[in-house]
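# return a 3D structure for these sequence lines:
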Amino acid sequence: MKYLLAILTIAIGLNQSVKPIVAVVDFENQTPNVSNSQLAMVRDQIEIALVQSAKYTMISPNDRDKVLKELKFQNTSGCVEQSCIIELGNALGAQMLVSGSLSQIGDIFILTAKMYSVETGKIYKSATYNKAKALQDVVLQGTISVVAQLTGKLQMISQYEPEIIEPQQNVGYLTVNTQPAGIDIKIDGQNTHLQTPMINFELSTGTHTVILTSDKYERVAQAVIIEPKKTKEIEIILVEKQGEVNFVTDPKGAEVFVDGAYKGTTPMQLTIKLSNYDIKLEKEFYKDISYKLTVDGDLVESYKKMGPKLVNVTLLTKPNNAKAKLTINGKSKGVVGENGMDLELLPNIYDIKLTADNFETEQTTITITPDNYFEKTFNLQKKKSVIRNSKDNNYNGKTGTMTDQDGNIYETVQIGDQIWTTTNLKVTHYRNGDAIPTGLSDSQWTTTNAGAYSVYDNNESNADTYGYLYN
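Below you'll find the model as predicted:
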């Protein structure tokens, strides 16, 4: 980036006999084809014009450069903030600073200067020259024109183009302010390459159309009438652009939060300013969805399918000690304990199968709906006891079942005229209901004359395999 050195300082409200101090810092160069040496000529002509005005005391270039070096300013073209203007002006011992820019639209050069008060850091005056079709015109005419506008000395004598210092009868000026500032300006459809605030922009007299454009604000077009030697001021409050968002979810009824603020439930359409947003969708029994959404002016369709949360499921059996093996959709889930089995399942329909010794197989379906909790108890049915008649030749060699006093069910098989159980006996009560003694010590086993039983290796789990041992 190349810069034009140019700071002007002019005191406000000082005694007329005291000349305000003028210094020079960088103008921003927005014309890539202008060299540093050419910018220096523009700077020199501004300094000459200020001296010729006989209104200022100039800070010498050597003193200025020394201060800037001590302050470690690389360039000062970006010094437009109040704090920077005040700091730099006080360091230079100036009362006012003027910075600006050199830009180009097509074949027209535009020289702009802004006069800042060092005391307040605010713009006091501004000036524009936009008639130069060559850099020579900027140097010889533009510099004198902007200094004449800033100082009010319209009778300044120029050896190059004296007539430019006189205000023309067929021109006036336009000042445009907006809330917020920084809005692009077009005049009569032509891009000025300037942004608001635009101060004292020179225009021919008559009616012109001012167009304000921004990515975030609605376009504004306003007609203005420029009168000779007068400044037309307009101030416009801009309206932020808005877009539409159509929120749809499956299932519907999800709560919509935009940047943390609740906006309603789906389906819904929301009018909202153009920006980027954090969206969150919430629905009971369903997983929350969070995502980012950009609203850029067109209708935005936001469709989301919400997945259900896992449901806490407890499956129980009655009796609770049946030790039933559970299978869900063909997959083994283990043995249902006395306190049931706890699972987490998605809402769906499931095939259930429960198998337990001495109980009929239970096969059914359960339907899990979106919810916090689901519980079901399965009533298991004991197998029926059937004792085959050994004298009935119709059952010779056939199988059956029998049930003991404890309700244990045994499969049976007929061999000849006898019926045998296929597993060992594990009854703990006599037919009259009396309990069969158990838990005897080795010495008691050798001396007892009463009936008793024990389990192999004193391990109760062996009873399922070997039955009980009786004396």
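
# where do the helices sit along the stretch 1-150 of the chain?
36-52, 61-70, 82-92, 135-137, 143-151 (DSSP state H, counting those that start in this stretch).

# winner for burial among those?
Most buried of those, by mean neighbour count (mean count of other C-beta atoms under 10 Å): helix 143-151, with a mean of 25. C-beta here means a position set from N, CA and C on the backbone, and glycine is covered the same way.

# list the buried residues of stretch 221-238.
224, 226, 232, 234, 236, 238 (16 or more other C-beta atoms under 10 Å).

# farthest pair in these?
Ile226 and Leu238 (22.5 Å; C-beta to C-beta).

# on that earlier part again, mind checking which of the buried residues of stretch 221-238 land in strands?
Among these, the members found in strands (DSSP state E) are 224, 226, 232, 234, 236.

# got a list of what His429 touches?
405-406, 435-436 (C-beta atoms under 8 Å, 6 or more residues apart in numbering).

# most surrounded residue in these?
For those, neighbours were counted using other C-beta atoms under 10 Å, and Ile436 has the most, 16 neighbours in all.

# do I have it right that it meets Leu425?
No - assessed by C-beta atoms under 8 Å, Ile436 is found out of contact with Leu425, at 10.6 Å.

# overlap in contacts, these two.
Tyr470.

# picking that back up, among the helices of the stretch 1-150 of the chain, which is nearest Thr314?
Here helix 82-92 is closest among those (C-beta to C-beta), at 68.1 Å.

# what about the closest one, average pLDDT?
On average, the pLDDT along helix 82-92 is 82.

# okay, the angle between it and helix 61-70?
130 degrees (axes from the mean of the first three to the mean of the last three C-alpha atoms, to 10 degrees).

# what strand or helix carries the most centrally placed residue in the chain?
In the chain, the centroid-proximal residue (C-alpha atoms, centre = their mean) is Asp278; its distance is 3.7 Å. Asp278 belongs to strand 275-282 when assigned by DSSP states H and E.

# tell me which residues of that strand are tucked away?
Neighbour count says strand 275-282 has 277, 279-282 buried, by 16+ other C-beta under 10 Å.

# can I get those residues in CSV with distance to Thr412 and pLDDT?
Shown next, in CSV, are these (distance: C-beta to C-beta, whole Å; pLDDT from 0 to 100):
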residue, distance to Thr412, pLDDT
Tyr277, 75, 95
Ile279, 69, 96
Lys280, 66, 96
Leu281, 63, 96
Glu282, 62, 94
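
# let me know the closest of those residues to Lys383.
For the buried residues of strand 275-282, the nearest to Lys383 is Glu282 (50.5 Å; C-beta to C-beta).

# ends of stretch 277-286, what's the gap?
22 Å (C-alpha to C-alpha, to the nearest Å).

# returning to what we had before: setting aside sequence neighbours, what's the nearest residue to the residue nearest to the centre of the chain?
Asp259 (5.5 Å; C-beta to C-beta, 6 or more residues apart in numbering).

# the one you found contacts Tyr277, doesn't it?
Yes - if you go by C-beta under 8 Å, Asp259 and Tyr277 touch, sitting 5.7 Å apart.

# who touches both of those two?
By C-beta under 8 Å, 6+ apart, no residue touches both Asp259 and Tyr277.

# residues touching the spatially closest residue to Tyr286 that is not a sequence neighbour, list them.
Nearest residue to Tyr286, sequence neighbours excluded (C-beta to C-beta, 6+ apart): Met306, at 4.3 Å. By C-beta under 8 Å, 6+ apart, the contact set of Met306 is 249-251, 254, 281, 283, 286-287, 289.
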